[in-house]
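Visitor: sequence first, then the predicted structure, then my questions.
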Amino acid sequence: MQEIVDKHDAKNLYKQMYLMRRFEETASEMYIRGKITGFTHLYIGQEAIAAGVMSALFDKDYVVSSYREHGHALAKGVSPKSVMAELFGKETGCCKGLGGSMHLFDEDKRFMGGYAIVGGGIPIATGIGLSIAYKKENVICACLFGDGAINQGAFHESLNLAKLWDLPVLFICENNLYAMGTEVSRASAVTKFYKRAEAYDIPSECANGMDVLEVKKAAAHAAGYVRKGRGPYFLELRTYRYKAHSMADPDRYRTIAEEELWKERDPIVIFARHLTDTGVFEPYELRKIQEKVEDEIQEAVDFANKSPNSGIELLKEYVYAE
Amino acid sequence: MAKISYREALNQALREEMRRDSSIIVIGEEVAYYEGAYKVTQGLLAEFGDKRVKDTPISEEVIVGAAIGAAMGGIRPVAELMTINFALLAMDQIVNNAAKIHFMFAGQSFVPMVIRAAQGSGKQLGAQHSQQLEAYFMHCPGIRVVAPSTPMDAKGLLKTAIRDDNPVMFLEGQGLYSLEGEVPPGDYTIPLGKANIVREGSDITFISYLAMVPECLEAAKELSDRGIEAEVIDLRTLNPLDKATVFESVKKTGLALVANEAWKTGSAGAEIAALIMENCFDYLDAPVIRISATDTPMPYNRQLERAALPHKEDIINAVNNLLKVAIPQ
């Protein structure tokens, strides 16, 4: 981490990452307390990616995500209250409790959904790219997925079509090294995923997903390329999820030594150290940001707790568009 | 009224809708330069250009997925899957995404997309190209299923499907493309969920859709010569299903026969028969009859294929047997 960053940018990046971390730690706690049920996939360890990528996008840009998307939604500006309420299955949730952890959506923030079939959102992002190109809008669609999605047909079909039609889609693979319990080398013949884009003549880059400044720089470059109408771009960001695949996963396929090694590269700790070492922030200033985040998280939990349960009348309300 | 083919009726619907609304695009395999495997999209590329009429690679999952995304992004895609058999490659996008987006995102997004696909048997195309899969889609909440049997319905229903804000599986009778029929001049639509009583009768109700409608009509004609008057209902859409029209007719005639070209087990006909049982039990003089294909993959051999598929003779024979039971001589 070399660069000195603008104080406003730094505050935003740090705050976003810290918010995601604390949100997920709290979600984990709420899951254990039975407030959240179903499948819950935590983003802890990968925060630099959502923070860096979203900071390189504009409000009007679209984001399509997967089922590990709490962090993506928060970083795109979806309110922690509405995400937490959604996880609690409450009427005030961003999808009124109909979606749940894996299906967050926010029309206003152009957060176009979490999709829970591995790779299933990639064709949708490609189609959003088609609508942007058709309407000649000056926006792009960013599509985030994990290393598990890379071997789905949907991934290959989408990259081919996106390049064939030069659609404004930024494909982002968050390579956290494990597709559920399977390490990438046991699932992929080619583990340098950015190289796969070459097969479709799509420019690509691999960056350190634990370094928020590197992610931001790579994402800004990639988004700029796509925004100029030059077609799709592919980013591979290497990262690590600290927690199990989901709250239901006993996590017995990784060594403690490996997990500890990655935790030494913690994106939040390293960025905080960088900010204080370079004099951008005094430690007390970071603490102030942390305190503000703690308040926001507490508010989100209180809001979710107090919100009414999703009513039975919702069961049939949204099956069809009127 | 002018007489045109089912194919031409579909072509007119696409053309007129694309003229009316510039947000409509057509995508699919061979839809542009080849002008459609069944020539439904003939002339569209010439009139609307390659921004609106787009050939795709043979990638059904992304054809449908991209249509979904494009619809969410604010345009109205009509995706052609050539034949319904290829929809199986796109089932994840249809069932997990298209059908659920409006629901799981609580109405914040919707998918105004039409998937057109030819469906039908009897052309000796073998097991993988002779399937009727409407029940798969009818089973899944969130998707409209349209199955027209005449040129007039094909045009009016396709226009409605394109204007509808839900994902629509639009099934076209593969054997019906050259069928000619009268079509009203100018713009008209036919609502989804409104069955058509194509023949009135008092003795038995035939319920059908797509290619079995003409078979039912022919059977009804022959039975009429012997004094048996069948009422023939063309459902036109399977989701929404016009239950009211079916129940009203069955309550009047007291006898029901459901005919579809699909496999018998778990078919649309099975669902309709169950609905009649649930809702018209006291009016029925005999169990509901189901006419369908045999529960086998489709053989290539002409004689075997004919044996596997339902025909008007099967309908007539079933009615003869039924009347022996219902009205003992």
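Guide: Received, thanks.
Visitor: gap between residue A:111 and residue B:66?
Guide: Per Cβ to Cβ, to the nearest Å, residue A:111 is found 19 Å from residue B:66. From N, CA and C alone the C-beta is placed, and that goes for glycine too.
Visitor: okay, these two: which has more neighbours?
Guide: residue B:66 (34 against 27; other Cβ atoms under 10 Å in any protein chain shown).
Visitor: who's in contact with the more buried one?
Guide: For residue B:66, the residues meeting the contact criterion (Cβ atoms under 8 Å, 6 or more residues apart in numbering or on different chains) are A:123, A:124, A:126, A:127, A:130, A:158, A:161, B:27, B:77.
Visitor: so which strand or helix has it?
Guide: When secondary structure is defined using DSSP states H and E, the element that contains residue B:66 is helix B:60-72.
Visitor: just how off-centre is that helix within its chain?
Guide: The offset between the C-alpha centroid of helix B:60-72 and the centroid of the whole chain comes to 21 Å, using Cα atoms, centre = their mean, to the nearest Å.
Visitor: do I have it right that residue A:152 meets residue A:119?
Guide: Yes: using Cβ atoms under 8 Å as the test, residue A:152 is close enough to residue A:119 to be in contact (3.2 Å).
Visitor: more neighbours: which of the two?
Guide: Here residue A:152 and residue A:119 are set side by side on neighbour count (other Cβ under 10 Å), and the busier one is residue A:119, at 24 against 19.
Visitor: can you tell me which residues contact the more buried one?
Guide: Contacts were defined as Cβ under 8 Å, 6+ apart; by that measure residue A:119 touches A:145, A:148, A:149, A:152, A:153, A:154, A:155.
Visitor: quick one: which of those residues has the most company?
Guide: When neighbours are counted by other Cβ under 10 Å, residue A:145 leads the contacts of residue A:119 with 27 neighbours.
Visitor: let's verify that one: helix, strand, or coil?
Guide: Using DSSP: H, G, I helix; E, B strand; the rest coil as the criterion, the local structure at residue A:145 reads strand.
Visitor: that one reaches residue A:120, doesn't it?
Guide: No: under the criterion of Cβ under 8 Å, residue A:145 is not in contact with residue A:120, lying 9.2 Å apart.
Visitor: ok, the residue lying closest to residue A:9 once chain neighbours are set aside - how many residues close by?
Guide: In space, and not counting its chain neighbours, residue A:9 is closest to residue A:55: 7.1 Å by Cβ to Cβ, 6 or more residues apart in numbering or on different chains. By the other Cβ under 10 Å criterion, the neighbourhood of residue A:55 contains 17 residues.
Visitor: spit out the contact partners of residue A:55.
Guide: Residue A:55 is in contact with A:9, A:12, A:13, A:16, A:75, A:216, A:219, counting by Cβ under 8 Å, 6+ apart.
Visitor: any idea how far it lies from residue A:280?
Guide: Distance of residue A:55 to residue A:280, computed by Cβ to Cβ: 15 Å.
Visitor: ok, now residue A:78?
Guide: Separation of residue A:78 from residue A:280 (Cβ to Cβ) stands at 27 Å.
Visitor: looking at the two, which one has more neighbours?
Guide: residue A:78 (22 against 18).
Visitor: so the more buried one makes contact with residue A:106?
Guide: Yes: Residue A:78 is within contact range of residue A:106, at 4.4 Å (criterion: Cβ under 8 Å).
Visitor: overlap in contacts, these two.
Guide: When Cβ under 8 Å, 6+ apart defines a contact, the residues bordering residue A:78 and residue A:106 alike are residue A:94.
Visitor: that's a strand at residue B:205, yeah?
Guide: Yes: in this structure, residue B:205 lies within a strand as judged by three-state DSSP.
Visitor: so where's the chain uncertain?
Guide: Here I'm looking at chain A. Along chain A, the model assigns pLDDT under 70 to residues A:1-2, A:4.
Visitor: actually chain B
Guide: Across chain B, residues meeting the criterion (pLDDT under 70) sit at B:325-329.
Visitor: so what's the residue nearest to the spatial centre of it up against?
Guide: Closest to where the C-alpha atoms of chain B average out (Cα atoms, centre = their mean) is residue B:147, at 1.6 Å. Shown in contact with residue B:147 (Cβ under 8 Å, 6+ apart): B:119, B:134, B:171, B:173, B:209, B:210, B:235, B:236, B:237, B:238.
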